[in-house]
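[1] Quick one, structure for this:
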Amino acid sequence: MKNVGGQAVLEGVMMRGSHCVATSVRTPEGMIETLTEPIKYHQSSLRKTPILRGIFNLVDSLATGMRVMNFSTQFFEEEVEEPSKFENWLEKISKGKSQKIFQGVTIGVSLAIALLFFTVLPTFLARLLIEPVGNRMALNLLEALIKIVLFIAYLFGISKLPEIHRVFMYHGAEHKVIDAYEHGLELTTENVRKSSRYHARCGTNFMFLVLMVSILIFTFVPSANPFIRVFAKIVLIPLISGITFELILWLGANDSALSKAISLPGKMMQRFTTAEPDDSMIEVAITALKRSENLLWTIKELKAFADERLKGLEGAALDRDVILEHVTGFDRAYLMAHPEATVSYAKFEGFKELINKRRNHMPVSYITGHKEFMGLDFIVNKHTLIPRPDTETLVEEVSHLIEAFVNKQETIRILDLCSGSGAIGLSLAHRFPQMELVLADISPRAMAVARMNAQNLGLNQQTDFKVGDLFDAIKGSDDFDVIVSNPPYITSNDMRSLPRDVREYEPRQALDGGGSGLEFYERISDKARQYLVNGGSLYFEIGADQGQEVSELLRQFNWQDIEVINDLAGKSRVVRASWVRDL
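    Numbers count the residues shown, from 1 in each chain. So this is what the prediction gives:
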């Protein structure tokens, strides 16, 4: 039999499985944080003795409950002032154990309030209402009735508090996940949503059965004196807890009509202590259970998790699969063909972290650190612009020119200006090994990435790397056959309207083309003439609406053979021009 137990905590769920105790909490940032603790196995025979094991379990449960509650609350604590003199004094004399002292006091006060409310009050209230002399049975029945009424009123009252109601929703999520697991269902949000939130081994059931067992046992207390009765009830608490624990174990292991009848009142009480959870709460409970049982995650489950987290993002399914490939090492064909393939919890945690980054609009290429361009794999990071498919038009156009040199068996020198990751120049060099390439960029960090890409592609020998503002790093003149550039061309005003993926993550230095968006085109058009051989060519990538303006700039600087070239979507994408000196 699967034997998983748990409890709800602040914005989370604790599960005690066969592997460990796992507490998963939804943080204010929307992340799921999980604390795992090993299960302590005690060899003492007393801990295995019926009745006594229930007493030990009660003490252990209180201690575990305090620890996991502290874990959950730490994510929602406001910044506190400096510790008071009393706190510093207590920390000093307790040798760093003041936190445990506070926990002990909290447990003690909580137990005292519970005893006052459910033991002392019913005893004295019944004594006031009924003269006990010769009528002890009536006294016992009235005490029992008062306890039940107070218990139900307490549960009903706290269930109406908004903060407690959310805890009860997580309590419902805990029950539903355990119910789905015990029935052998795949742990998906959909399956869990359909499962029952009422469970025989619930703490609510335990409390109600404690109440019933105590009523039964106290019937045999001979004295009607309220002080003696209260004392007897306190002394008998361990015995009552032990008996109830055995009863709970029996109920969990049996499905007979009798066990169902005994469980029914406690399950009815769960209408107050559980509530229907939302999907995000179910996700937390699933995480806790799977961690506590050390269960593997299937590809199907990882996809379902990602679909839920990325809902509403454009291209979510593709992003999910790219990240999944990156984490698991499986290619997309395998992922599609083997939805039941499993991955470890560690890989799930890694996948979850990356999906949450994508949920915050971080580009997938920055998440994985890679981007495919022209069929090649390029390293990218926050210091480099992510290569776009549109830019492949620029590479193809330059390739046509290089082919003419290759056919003539002539060497060609190319300068890739504003090179970033080096995607444009290195793609050309990979296709044409006989060409010489210079990459130039203002960012040393971007150039470091370009060096790594050249190394990975085996192009270090034919590539030179220059760091500087446009032509400042280039020495000499009349040297290059082709200058190719994808400069910053977004207007400063338009920067604010870019998608979050671009605006918040990609380097502004590689995007902002000034007030008109033409600043770099103008500077390059002016200076490039000094660095080209006679008859050399200049290739720009441009924005879809910049063909006419960039062409006009080139004319102002006496460039010739100016041509605007469209991409596959029919939009202006490349401007080509040549430079011929007057003789």
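[2] tell me the mean pLDDT for stretch 378-388?
    Per-residue pLDDT over stretch 378-388 has a mean of 95.
[3] tell me how far the ends of it are from each other?
    The first residue of stretch 378-388 is 12 Å away from its last residue (Cα to Cα, to the nearest Å).
[4] Just the C-alphas of stretch 157-171, formatted as PDB.
    Extracted C-alpha coordinates of stretch 157-171, given in PDB (Å, rounded to 0.1, in the frame of the first residue of the first chain):
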ATOM      1  CA  GLY A 157     -15.100  29.900  12.100                       C
ATOM      2  CA  ILE A 158     -11.500  29.600  11.000                       C
ATOM      3  CA  SER A 159     -12.500  28.400   7.500                       C
ATOM      4  CA  LYS A 160     -14.100  31.800   6.900                       C
ATOM      5  CA  LEU A 161     -10.800  33.600   7.400                       C
ATOM      6  CA  PRO A 162      -9.200  34.400   4.000                       C
ATOM      7  CA  GLU A 163      -5.700  33.400   5.000                       C
ATOM      8  CA  ILE A 164      -6.800  30.200   6.600                       C
ATOM      9  CA  HIS A 165      -9.000  29.500   3.600                       C
ATOM     10  CA  ARG A 166      -6.000  29.500   1.300                       C
ATOM     11  CA  VAL A 167      -4.300  27.000   3.700                       C
ATOM     12  CA  PHE A 168      -7.400  24.800   3.400                       C
ATOM     13  CA  MET A 169      -7.200  25.000  -0.400                       C
ATOM     14  CA  TYR A 170      -3.600  23.700  -0.200                       C
ATOM     15  CA  HIS A 171      -5.000  21.100   2.200                       C
END
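[5] Can you tell me what sits against stretch 547-561?
    Residues from elsewhere that reach stretch 547-561 (Cβ atoms under 8 Å, 6 or more residues apart in numbering): 516, 518, 521-522, 525-526, 529, 538, 540, 542, 562, 564, 572, 575-580. C-beta here means a position set from N, CA and C on the backbone, and glycine is covered the same way.
[6] list the buried ones in that stretch?
    If you call a residue buried by 16 or more other Cβ atoms under 10 Å, then stretch 547-561 has these buried ones: 547, 550, 551, 553, 554, 557, 559.
[7] got a list of what residue 514 touches?
    By Cβ under 8 Å, 6+ apart, residue 514 lies in contact with 488, 491, 492, 520.
[8] now the nearest residue to residue 386 once chain neighbours are set aside: how far from residue 508?
    What sits nearest to residue 386 in space, not counting adjacent residues and going by Cβ to Cβ, 6 or more residues apart in numbering, is residue 365, at 4.7 Å. Separation of residue 365 from residue 508 (Cβ to Cβ, to the nearest Å) stands at 17 Å.
[9] higher neighbour count, these two?
    Neighbour totals were compared for residue 365 and residue 508, and residue 365 leads with 23 against 13 (other Cβ atoms under 10 Å).
[10] for that one, helix, strand, or coil?
    Here residue 365 is recorded as helix under DSSP: H, G, I helix; E, B strand; the rest coil.
[11] List the contacts of it.
    So residue 365 contacts 371, 380, 386 (Cβ under 8 Å, 6+ apart).
[12] Now go through the residues you listed and say which are in strands.
    residue 371 (DSSP state E).
[13] Let's have the contacts of residue 365 in JSON lines, adding distance to residue 51 and neighbour count.
    Listed next are those as JSON lines, based on distance: Cβ to Cβ, whole Å; neighbours: other Cβ atoms under 10 Å:
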{"residue": "371", "distance to residue 51": "65", "neighbour count": "22"}
{"residue": "380", "distance to residue 51": "65", "neighbour count": "24"}
{"residue": "386", "distance to residue 51": "66", "neighbour count": "21"}
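[14] From the contacts of stretch 547-561, which land in helices?
    Mapping those onto helices (DSSP state H) picks out 521, 522, 525, 526.
[15] My reading is that residue 6 is in a strand; is that accurate?
    Yes - the assignment for residue 6 by three-state DSSP puts it in a strand.
[16] and it, how many neighbours does it have?
    By the criterion of other Cβ under 10 Å, residue 6 has 29 neighbours.
[17] Now for it: which residues touch it?
    By Cβ under 8 Å, 6+ apart, residue 6 lies in contact with 13, 14, 15, 16, 174, 178, 285, 288, 289, 292.
[18] Quick check: residue 430 touching residue 457?
    Yes - at 5.5 Å, residue 430 counts as touching residue 457 under the criterion of Cβ atoms under 8 Å.
[19] Return every residue with contacts to both of the two.
    Contact criterion Cβ under 8 Å, 6+ apart; residues bridging residue 430 and residue 457 by contacting each: residue 376.
[20] circling back to that earlier point, now the contacts of stretch 547-561: which count as buried?
    By 16+ other Cβ under 10 Å, these give 518, 521-522, 525, 529, 538, 540, 542, 562, 564, 572, 575-579 as buried.
[21] remind me which residues of this structure are low pLDDT?
    Residue ranges of the chain with pLDDT under 70: 1-2, 41-43, 77-92, 94-104, 106-107, 131-137, 223-224, 409, 476-478, 582-583.
[22] Let me see the domain layout of it.
    When the chain is parsed with the TED database, its domains come out as 296-360, 374-579.
[23] any idea how far residue 493 is from residue 486?
    For residue 493 relative to residue 486 (Cβ to Cβ), the value is 21 Å.
[24] Kindly report the same for residue 389.
    Distance of residue 389 to residue 486, computed by Cβ to Cβ: 13 Å.
[25] what sits up against the helix ranked longest in the chain?
    If you go by DSSP H, the chain has its longest helix at helix 136-159. Identification of contacts with helix 136-159 by Cβ under 8 Å, 6+ apart yields 117-118, 121-123, 125-127, 129-130, 132, 164-165, 168, 204, 207-208, 211, 214-215, 218-219, 222, 224, 269, 272-273, 275.
[26] quick one, strands of the stretch 151-300 of the chain?
    With DSSP state E, counting those that start in this stretch as the criterion, the stretch 151-300 of the chain has strands at 297-298.
[27] And the helices in it, which stretches?
    162-182, 189-194, 203-218, 226-235, 237-253, 257-273, 279-292, 299-309 (DSSP state H, counting those that start in this stretch).
[28] For residue 443, find the nearest of those helices.
    helix 299-309 (32.5 Å; Cβ to Cβ).
[29] Tell me which residues of the closest one come out buried.
    299, 300, 301, 302, 303, 304, 305, 306, 309.
[30] what does it contact?
    Helix 299-309 is contacted by residues 186-189, 279, 283, 316-317, 320, 323-324, 328, 330, 335, 338-343, 348, 351-352, 355-356, 359 when judged by Cβ under 8 Å, 6+ apart.
[31] Alright, I will stop here.
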